[in-house]
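Asker: 3D, please:
(2 chains)
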Amino acid sequence: AQSVTQLDSQVPVFEEAPVELRCNYSSSVSVYLFWYVQYPNQGLQLLLKYLSGSTLVKGINGFEAEFNKSQTSFHLRKPSVHISDTAEYFCAVSETDSSYKLIFGSGTRLLVRP
Amino acid sequence: DGGITQSPKYLFRKEGQNVTLSCEQNLNHDAMYWYRQDPGQGLRLIYYSQIVNDFQKGDIAEGYSVSREKKESFPLTVTSAQKNPTAFYLCASSPTGQGREKLFFGSGTQLSVL
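Answerer: Residues are numbered from 1 along each chain as shown, chains lettered A, B, ... in the order given. Here you go, the predicted structure:
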């Protein structure tokens, strides 16, 4: 069975500082990896995804993530955050031949302070 | 604009009552999903459907029921058997085949018990 761990429930950071949100997964088969963002009282929006190829993936809003197979990690990074980046961020995984099921982590709340 | 519409935004359930959450999409997607979101627990899959007139249980299907009579619609009924229904419910859709790994989410329904 697959699982996703987001160890940090909340990450406070000052505006224009860099940030890293951690994600580790476990799976016995090949996986696809995703980061989604959720603004208050809204649905989720896809930030970026890793399917294959280059392990460094760039997404929207200046975010990027790096797939590390040996460490089973897919950490999300941004070099300089804005107040508007304050939101909940979810890491998710699915098997490459899955029946369309995404498994989500518990989420990390990014709180950007002025 | 194409997208997913969930209604109502807020819903209240009385003891012993069944309530139905609506989800409509005009993205021409074959697959649709229902997730439940509880604080600090991320998203958990309730039911999913890959094609009209077919659906499968997710990880927490007990106390819920669905139907898929039309491609555009995937309503979720929270039955009286669901003893802890208070949560944020998210509907999503995706293509099947190419691009199936990307889910599009609605803006959610907050269900509370009176």
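Asker: find the centremost residue of chain B, please.
Answerer: B:W34 (2.9 Å; CA atoms, centre = their mean).
Asker: for it, list each beta-bridge partner.
Answerer: Bridge pairing for B:W34 (DSSP bridges) gives the partners B:Y47, B:C91.
Asker: how about it, what does it touch?
Answerer: B:21, B:23, B:45-48, B:58, B:64, B:66, B:74, B:76, B:89-92 (CB atoms under 8 Å, 6 or more residues apart in numbering or on different chains). The C-beta positions use only the backbone N, C-alpha and C, and glycine is treated the same way.
Asker: same thing but at 10 Å, please
Answerer: B:6, B:21, B:23, B:44-49, B:55, B:58, B:60-61, B:64, B:66, B:74-76, B:89-92, B:106 (CB atoms under 10 Å, 6 or more residues apart in numbering or on different chains).
Asker: now that we have these, which of them are buried?
Answerer: The neighbour-count test (16 or more other CB atoms under 10 Å in any protein chain shown) marks B:6, B:21, B:23, B:44-49, B:55, B:58, B:61, B:64, B:66, B:74-76, B:89-92, B:106 as buried among those.
Asker: what's downstream of the helix or strand of chain A with the lowest mean pLDDT, the next helix or strand?
Answerer: When the helices and strands of chain A are scored by mean pLDDT, DSSP states H and E, strand A:103-104 comes last with a mean of 90. Counting by DSSP states H and E, the next helix or strand C-terminal to strand A:103-104 is strand A:108-113.
Asker: and for the residue of chain B found nearest chain A, the neighbour number?
Answerer: With CB to the nearest CB as the measure, B:F105 is the residue of chain B nearest to chain A, at 3.2 Å. Applying other CB atoms under 10 Å in any protein chain shown, we find 22 other residues in the vicinity of B:F105.
Asker: just give the nearest non-adjacent residue to it, would you?
Answerer: A:G43 (3.2 Å; CB to CB, 6 or more residues apart in numbering or on different chains).
Asker: wouldn't the one you found be in contact with B:F104 here?
Answerer: Yes. Here A:G43 reaches B:F104: they are 8.3 Å apart, a contact under CB atoms under 10 Å.
Asker: does anything pack onto the least confident helix or strand of chain A? Which helices or strands?
Answerer: Applying 3 or more CB pairs under 10 Å, 6 or more residues apart in numbering or on different chains; DSSP states H and E, we find strand A:103-104 packed against strand A:3-5, strand A:31-38, strand A:87-95, strand B:42-51.
Asker: listing partners with orientation, what would you give for that strand?
Answerer: Taking DSSP bridges as the criterion, strand A:103-104 pairs within the sheet with strand A:87-95 (antiparallel).
Asker: how close does the nearest residue to B:S7 once chain neighbours are set aside get to A:F14?
Answerer: Take B:S7 and drop its neighbours on the chain: the residue closest to it by CB to CB, 6+ apart is B:S22, 4.7 Å away. Applying CB to CB, to the nearest Å, the value for B:S22 to A:F14 is 42 Å.
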